[in-house]
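*Asks:* let's see this in three dimensions:
(one chain, ligands or ions: 1)
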Amino acid sequence: MNPDAAILIENVTRSYAVSAGFARPTRNLVAVDDISLSVRAGSTLGIVGESGCGKSTLAQMIVGLLAPTSGRILVDGQSLAAMDRRKRAKLIQLVPQDPFSSLNPKRRIRDNIALPLTTQAELPGKAQMERVREMMERVGLRADMGDRYPAELSGGQRQRVAIARALVNDPRVVVCDEPTSALDVSVQAQILNLLAKLQRELNLTLVFISHNLSVVEYVSTEVAVMYLGRIVEYATADDLFRSSRHPYSKALLNSVLTPETGKGIPLNILGEPPDPSNIPAGCRFRPRCAAAQDSCRVSAPERLSGIGSAECHFA
Ligand SMILES: Nc1ncnc2c1ncn2[C@@H]1O[C@H](COP(=O)(O)OP(=O)(O)OP(=O)(O)O)[C@@H](O)[C@H]1O
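*Replies:* Numbering: from 1, shown residues only. Just a heads-up that it's a prediction; the model follows:
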């Protein structure tokens, strides 16, 4: 793995003890299962997979809000585990799915954007407001909107505020967890274009999480396909969308492509994913895989070996 990577994920696992009901022992649910991945500086990594596959758990660990059960994550070569909150805020930021719940409803927009700066307390007040103005312009918010409150803005405008706030400290890495899924389709495109523009202008490393493959295709340079806690394929966006290797990626692709262009069987007829507290033996995709053979029942496929690889016996 590349030690100069913007994000280096090494053998990271996160499990939860979940209750199985009254007077029954708790079960161990493995939400992220021994993932290793390195993310190139200045790239946009899309992480895609169905609901419950572990995307948000991984995102929370990458930004340091959740500790791995085992393994380690380095951002810009540094571990977030013991890092001071202020330093962490300058290195990496999260753009959440629903900005409404993350913005303070009682504060004006300009104060919401300035919040990470005021906790840093390094810039004098006037310079802070100058920085906020600059960020509002960058994300396409009129200066007079600074006086308003979150409830007075549309969903798309609120997401612009959340992006401005994430960028106000000039971080190196930004993780966006389903940043457009709460928005109307027309507004989604505007926010995706904005994120792509900011990534280029600021040379950010962007991690973009979505269950929507079309959205991921639009913004990503590389894509990690997640299934039941593991990354089962890691490829450049071009390769994934032209010639995916894993049957799960093919099924995901087929769910968004037309029958003429798609290959494989769409996900909706493969049934629901298994319970992550009871992961199937052998290949974890086997129960839903139309191409499964006897060997898939017996042994798990080899681990990913970097970009252009897939966890499938027959990839
Ligand atoms: N705090 C928690 N306690 C117990 N189980 C959890 C907790 N957080 C997540 N999980 C479980 O871990 C698994 C992965 O959840 P996660 O939210 O990371 O997936 P996701 O791919 O982001 O899904 P979604 O798109 O629905 O948010 C799920 O089975 C979920 O129920």
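
*Asks:* CA only for contacts and neighbour counts going forward, please
*Replies:* Fine.

*Asks:* look up the residues forming beta bridges with the residue nearest to the spatial centre of the chain.
*Replies:* If you average the C-alpha coordinates of the chain and look for the closest C-alpha using CA atoms, centre = their mean, you land on Ile209, 2.9 Å from that point. Under DSSP bridges, the beta-bridge partners of Ile209 are Ile47, Asp177.

*Asks:* what separates it from Tyr234, distance-wise?
*Replies:* Here the distance between Ile209 and Tyr234 works out to 14 Å (CA to CA, to the nearest Å).

*Asks:* and stretch 34-47, how far out from the chain middle?
*Replies:* Here stretch 34-47 is found 10 Å from its chain centre; the criterion is CA atoms, centre = their mean, to the nearest Å.

*Asks:* stretch 183-192 now?
*Replies:* The chain centroid and the centroid of stretch 183-192 are separated by 17 Å under CA atoms, centre = their mean.

*Asks:* quick one: residues in contact with the helix or strand Met129 falls within.
*Replies:* Using DSSP states H and E, Met129 sits in helix 125-138. Helix 125-138 is contacted from outside by Arg110, Ile113, Ala114, Leu117, Thr118, Arg142, Ala143, Val161, Ala164, Leu167, Val168, Leu198, using CA atoms under 8 Å, 6 or more residues apart in numbering.

*Asks:* contacting residues for whatever residue of the stretch 101-250 of the chain ends up closest to the ligand?
*Replies:* Taking CA to the nearest ligand atom, the ligand has its nearest neighbour within the stretch 101-250 of the chain at His211, 6.5 Å off. Applying CA under 8 Å, 6+ apart, one finds that His211 lies in contact with Val48, Gly49, Glu50, Ser51, Glu178.

*Asks:* for the second one, grab phi and psi.
*Replies:* Backbone torsions for Gly49, taken as degrees, to the nearest 10, come to phi 170, psi 170.

*Asks:* near it, how many other residues are there?
*Replies:* Residue crowding around Gly49 was assessed by other CA atoms under 10 Å; the count is 24.

*Asks:* do the fourth one as well
*Replies:* Neighbouring residues of Ser51 were enumerated by other CA under 10 Å; the total is 13.

*Asks:* for Val232, same thing?
*Replies:* By other CA under 10 Å, 26 other residues sit near Val232.

*Asks:* who are the packing partners of the helix or strand where it lies?
*Replies:* With elements delineated by DSSP H and E, Val232 resides in strand 230-236, which encompasses its position. Applying 3 or more CA pairs under 8 Å, 6 or more residues apart in numbering; DSSP states H and E, we find strand 230-236 packed against strand 27-39, strand 222-227, strand 309-310.

*Asks:* check which element follows it along the chain.
*Replies:* By DSSP H and E, the next helix or strand past strand 230-236 is helix 237-243.

*Asks:* which positions in that next one come out as buried?
*Replies:* Using 16 or more other CA atoms under 10 Å as the burial criterion, the residues of helix 237-243 that qualify are Ala237, Leu240, Phe241.

*Asks:* can you check stretch 40-50 too?
*Replies:* The neighbour-count criterion (16+ other CA under 10 Å) identifies Arg40, Ala41, Gly42, Ser43, Thr44, Leu45, Gly46, Ile47, Val48, Gly49, Glu50 as the buried residues of stretch 40-50.

*Asks:* now do the buried residues in stretch 148-162.
*Replies:* Of the residues in stretch 148-162, those scored as buried under the neighbour-count criterion (16+ other CA under 10 Å) are Tyr149, Pro150, Gly155, Gly156, Gln157, Arg158, Gln159, Arg160, Val161, Ala162.

*Asks:* alpha carbons only: can I get that stretch in CSV?
*Replies:* The C-alpha atoms that make up stretch 148-162 are tabulated as CSV, following Å, rounded to 0.1, in the frame of the first residue of the first chain:
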residue,chain,number,x,y,z
ARG,A,148,-30.8,34.3,7.5
TYR,A,149,-31.4,31.3,9.7
PRO,A,150,-31.2,27.7,8.4
ALA,A,151,-35.1,27.3,8.4
GLU,A,152,-35.3,30.2,5.9
LEU,A,153,-33.2,28.4,3.2
SER,A,154,-34.0,25.6,0.8
GLY,A,155,-32.5,22.1,1.1
GLY,A,156,-29.9,22.8,-1.6
GLN,A,157,-28.9,26.1,0.0
ARG,A,158,-28.6,24.4,3.4
GLN,A,159,-26.3,21.8,1.8
ARG,A,160,-24.2,24.6,0.4
VAL,A,161,-23.9,26.1,3.9
ALA,A,162,-22.8,22.7,5.2
